[in-house]
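In: Sequence plus the predicted model coming up.
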Protein chains: 2
Amino acid sequence: MESNATAPASMNSLNTACSQCNLVELCLPFGMSDAELNRIDELVGARRKVRRQQNLYRAGDRFEAIYAIRAGSFKTDVLLEDGREQVTGFQMTGEMLGLDGISGASHTCNAVALEDSEVCVIAYAKLEELSREVESLQHQFHKVMSREIVRDHGVMMLLGSMRAEERLAAFLLNMSQRFTARGFSAAEFHLRMTREEIGSYLGLKLETVSRAFSRFQEEGLVGVQQKHIRILDSAALKKLIQHSHVAR
Amino acid sequence: MESNATAPASMNSLNTACSQCNLVELCLPFGMSDAELNRIDELVGARRKVRRQQNLYRAGDRFEAIYAIRAGSFKTDVLLEDGREQVTGFQMTGEMLGLDGISGASHTCNAVALEDSEVCVIAYAKLEELSREVESLQHQFHKVMSREIVRDHGVMMLLGSMRAEERLAAFLLNMSQRFTARGFSAAEFHLRMTREEIGSYLGLKLETVSRAFSRFQEEGLVGVQQKHIRILDSAALKKLIQHSHVAR
DNA sequence: AAGATTGGTTGACGTGGATCAATGGGGGTC
DNA sequence: GACCCCCATTGATCCACGTCAACCAATCTT
């Protein structure tokens, strides 16, 4: 499975260079000089493969590193004592995982791979050290954290004041936009998560998610075939979110 | 209104020294040497008073500074085009505002004072500069951002998988805990926000919030008199959150 | 390829919280 | 101190979504 057997260690460390990675502009968007990029190559100590359904980390695990997704996708969730799960986010290539851990000594949520995946391991101590020296890295890192806060506010808006179909529409448009940013089709994509996980994320039961999908299909807004989605009328989906008749 | 008229400028800048502020351990918790604290005094350029109902900043305002609350309290909210409001948080003394702005050029939410309040203005450029030099400040700042992310996940849990009474119980316990951290009574406090604002935060209508309060009162869990709250049985409130019969 | 397991769809019905509406109480203003 | 406006409470009714349940499709297992 791995090509490591044939590759010497030095080869491997060359592979982990951010400056050589085709995800740089997702991971560390714009504004880094070549000199800065070279410094940053020290950041990623190793890569780590995580198989589908396995945890990258769990709530309670000692916090030591954050992770950049190199391939694949993940969900993060928090669990209540009585077993209730809340999915707090879905992450795809180029996105960061583990920021929750910085606040304390350990992680506060679980990160689970939705498919066989690979992450870049960024030792947190190293990141703080380097970002004291490389201004653009510091700035970039702050932006990443802040963007996560803004994203969370959007989810609160979803959960707190939107109806089931609006939530699903917002979710689909968000996924579409993120696939686009990665060079995939905006109109056609494959969801890696189950209806139940979507439901948990959107604060709905899986049956409600399924029914909303069916209604969208009936109305010609999307084509749905299991996890394969085609956006047929994104304008209508956008409208759905904005002009809600309900004044909640 | 202001005592500025009688105080020379130097007096004023002395007042803004973090090292002299009795909120240091809330704002910049533990682990700073005196030398570090002295460097940090440069951080707060000015103070700003904000009257009840007035905005500290609005969504779309150019982002330049973050704010530490010196006195009073705030809410932050995001608005949808159709007028729907989602309160994303309530902030009290020692807590930070404006972190959402770092991700872009402008703020993404509104911050409104719930009572006459005062904030310390922290120029963001200055903060980045100083935190490159003062390691403990850098670390502290990262923790503050991460803590906000963790808090947001808690709110998602609330909104996504708890029932009305559980949400209110969680809200009350959270308020109680934060009042305690500020040296106030854990059992008796005054809410600065309306039922409608609580409802928006919790994803409920104001009537539902009011009814939940009444039910708690009937059952002897809390004493409610308008905005004045007495926690009578915090153990029961905690139980309510954990052992929910509903397996959502 | 048969069987088992997991995930998705659909229907019938129940309910928690929204909506609509009326009344009451505090706190601010003049 | 009288008025007003905002806020809170409470009741009656409605409905969006949850619950329970049956069935089907896809994928995995051997």
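Out: Structure's in. What do you need? Numbering: from 1, shown residues only, chains lettered A, B, ... in the order given.
In: in chain A, which spans are helices?
Out: For chain A, the helices defined by DSSP state H occupy A:9-15, A:24-27, A:34-40, A:124-133, A:135-161, A:164-181, A:195-202, A:206-218, A:234-242.
In: quick one: which of those has the weakest pLDDT on average?
Out: Ranked by mean pLDDT, the helices of chain A bottom out at helix A:9-15, which scores a mean of 46.
In: Please identify the most buried of the helices of chain A.
Out: Compared across the helices of chain A, helix A:195-202 shows the largest average neighbour count, a mean of 22 (mean count of other Cβ atoms under 10 Å in any protein chain shown). C-beta here means a position set from N, CA and C on the backbone, and glycine is covered the same way.
In: Distance from it to the middle of the chain?
Out: Relative to its chain's centre, helix A:195-202 lies at 15 Å (Cα atoms, centre = their mean, to the nearest Å).
In: what sits up against it?
Out: A:75, A:77, A:85-90, A:155, A:158-159, A:164, A:167-168, A:171, A:191, A:193, A:204-206, A:208-210, A:213, B:160-161 (Cβ atoms under 8 Å, 6 or more residues apart in numbering or on different chains).
In: For beta bridges, what are the partners of the residue most central in space within chain A?
Out: For chain A, the residue sitting closest to the mean C-alpha position, by Cα atoms, centre = their mean, is A:Q91 at 1.3 Å. Legend: beta-bridge partners of A:Q91 under DSSP bridges are A:F74.
In: Can you give me every residue that contacts it?
Out: The contact partners of A:Q91, taken as Cβ under 8 Å, 6+ apart, are A:69, A:73-76, A:97, A:111.
In: of those residues, closest to A:V224?
Out: Nearest to A:V224 among those is A:S73, at 19.4 Å by Cβ to Cβ.
In: what about stretch A:39-47, start to end distance?
Out: End-to-end distance for stretch A:39-47: 18 Å, by Cα to Cα, to the nearest Å.
In: quick one: that stretch to chain centroid distance?
Out: Using Cα atoms, centre = their mean, the offset of stretch A:39-47 from its chain centre is 20 Å.
In: Would you mind listing the buried residues in it?
Out: Buried residues in stretch A:39-47, counted by 16 or more other Cβ atoms under 10 Å in any protein chain shown: A:39-40, A:43-44, A:47.
In: Just checking that stretch against chain B, any contact.
Out: No - against chain B, stretch A:39-47 shows no contacts by Cβ under 8 Å from any Cβ of the partner chain, the least distance being 14.1 Å.
In: And the contacts of that stretch?
Out: A:15-19, A:28, A:32, A:65, A:68, A:70, A:118-123, A:126-127, A:130, A:133-134, A:137.
In: Please type out the ChimeraX selection for whichever of those turn out to be buried.
Out: Buried members of the contacts of stretch A:39-47, defined by 16+ other Cβ under 10 Å, are picked up in ChimeraX with:
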select /A:16,17,18,28,32,65,68,70,119,120,121,122,123,127,130,134,137
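In: about what we covered before: check the contacts of A:Q91 against B:I231 and report the nearest one.
Out: For the contacts of A:Q91, the nearest to B:I231 is A:T76 (32.0 Å; Cβ to Cβ).
In: For the closest one, grab the count of nearby residues.
Out: Residue crowding around A:T76 was assessed by other Cβ atoms under 10 Å in any protein chain shown; the count is 25.
In: same thing with A:M96?
Out: So A:M96, with other Cβ under 10 Å, has 19 neighbours.
In: If we ignore the residues flanking it in sequence, what's nearest A:R132?
Out: Leaving aside its sequence neighbours, A:R132 sits nearest to B:R132 (Cβ to Cβ, 6 or more residues apart in numbering or on different chains; 4.9 Å).
In: Wait, the one you found touches A:L137, no?
Out: No - under the criterion of Cβ atoms under 8 Å, B:R132 makes no contact with A:L137, lying 10.5 Å away.
In: list the residues that contact both of these two?
Out: A:S131.
In: Let me know whether stretch A:195-205 sits next to DNA strand D.
Out: Yes - Stretch A:195-205 lies within reach of DNA strand D by Cβ under 7 Å from any atom of the strand, at A:203-205.
In: Most neighbours among the residues you listed, which one is it?
Out: Counting by other Cβ under 10 Å, top hit in the residues of stretch A:195-205 next to DNA strand D: A:G203 with 25 neighbours.
In: thinking again about what came up before, nearest to A:S176 among the contacts of A:Q91?
Out: Lowest distance from A:S176 to the contacts of A:Q91 (Cβ to Cβ) belongs to A:S73, with 14.8 Å.
In: And for that closest one, the neighbour number?
Out: Using other Cβ under 10 Å, A:S73 has 18 other residues around it.
In: which non-adjacent residue is nearest A:R58?
Out: In space, A:R58 is closest to A:N110, 5.0 Å off (Cβ to Cβ, 6+ apart).
In: Thought A:G60 was touching the one you found, still the case?
Out: No - look at A:N110 against A:G60 with Cβ under 8 Å: they stay out of range, at 9.2 Å.
In: So if I had to pick from these two, which one is more boxed in?
Out: A:N110 (21 against 12).
In: need the residues of chain A near DNA strand D, please.
Out: Near DNA strand D, when you scan chain A using Cβ under 7 Å from any atom of the strand, you find A:163-165, A:203-205, A:207-208, A:226.
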